[in-house]
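> Model the following, please.
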Amino acid sequence: MSTLDRDTYDGLTQDENIAEFIKELENDAVSMSQIVFLSRDGFHMQPDEATDFIHKSVFALVEAGAVPVRFGGPSHDWVRQHQYGTSPENIANAVVREWQGYGDLRFDEVKVYGEAVWFARPRTNPTYIRE
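Below you'll find the predicted structure:
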């Protein structure tokens, strides 16, 4: 399997897909699973190529104002995850390391969707992201 120039879903390039992730922040959070499975199923990337794409995507999301979050429960939509750092580079590195730590399960849909971090842009709504 070799990496495709355009994804098999919408025919978008990697950069165009990253721009779509950023655009999605206006309405919703972006999950690691979206990024991971686009790399594998949309672009047919090998693990090293997927790692680079995931890093680039996370960096761009954080640079666009998103923060790492997990499900918030009954009082908030999301809870900010401070353990990844503050700079886009530190956050991208830490998130990729965590994902790589899943080992053979790093492309498992249930594992990634349920356990991997998401990214959301803070809003004025006080119940959207709990600090």
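> so where is this protein shaky, pLDDT-wise?
1-2 (pLDDT under 70).
> Closest to the centroid, which residue in it?
Centroid-nearest residue in the chain, with Cα atoms, centre = their mean: Met32, separated by 3.4 Å.
> Confirm for me that that residue is in contact with Lys111.
No. Under the criterion of Cβ atoms under 8 Å, Met32 is not in contact with Lys111, lying 10.3 Å apart. Every residue, glycine included, has its C-beta placed from N, CA and C.
> how about the lengthiest strand in the chain: buried residues?
Secondary structure of the chain per DSSP state E: the longest strand is strand 67-71. Residues Val67, Pro68, Val69 are the ones in strand 67-71 that count as buried (16 or more other Cβ atoms under 10 Å).
> Contacts only, for the residue nearest to the centre of the chain.
Applying Cβ atoms under 8 Å, 6 or more residues apart in numbering to Met32 gives the contacts Ile54, Val95, Trp99, Val112, Ala116, Val117, Trp118.
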